[in-house]
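A.B. asks: Sequence first, predicted model second:
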Amino acid sequence: MVKIRLKRYGRKQQPTYRIIAIDARSRREGRALKEVGFYDPMSDQTSLDISAILDLLRSGAQPSDTVRHILRRAGVFEQFQSVA
């Protein structure tokens with residue numbers, strides 16, 4: 001199963017995350033299938049490739065709880081419901 005989850009980057013005490021699609025059995029820093037976004041919690045910046053995320057969701061990928069919250073704030077699920 002494919003999961004959409006966060007991969008940590010950045011220095012100590014200054015985390016940034018990439019939003020990636022990865023096999024559910026892989027570890028957090030494992031090789032990503034696809035990179036679909038960026039999240040910086042310190043400055044609350046988010047950058048998403050919405051078309052790639054919608055394709056992954058249509059093919060059955062499951063977002064983690066944190067990524068689900070980020071996608072909900074960005075309005076991705078509303079677009080997913082209108083298309084599906």
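C.D. replies: Looks like it arrived, so ask away.
A.B. asks: For the helix or strand where Ile70 lies, name the packing helices and strands.
C.D. replies: Secondary structure from DSSP states H and E places Ile70 in helix 65-74. Applying 3 or more Cβ pairs under 8 Å, 6 or more residues apart in numbering; DSSP states H and E, we find helix 65-74 packed against strand 2-11, strand 45-48. Glycine gets a C-beta too; all of them are placed from N, C-alpha and C.
A.B. asks: Wait, Gln45 touches Tyr39, no?
C.D. replies: Yes - using Cβ atoms under 8 Å, Gln45 is in contact with Tyr39, at 7.5 Å.
A.B. asks: Mind listing what's buried along the helix holding Ile70?
C.D. replies: 67, 70-71, 74 (16 or more other Cβ atoms under 10 Å).
A.B. asks: what about that helix, distance to the chain center?
C.D. replies: 8 Å (Cα atoms, centre = their mean, to the nearest Å).
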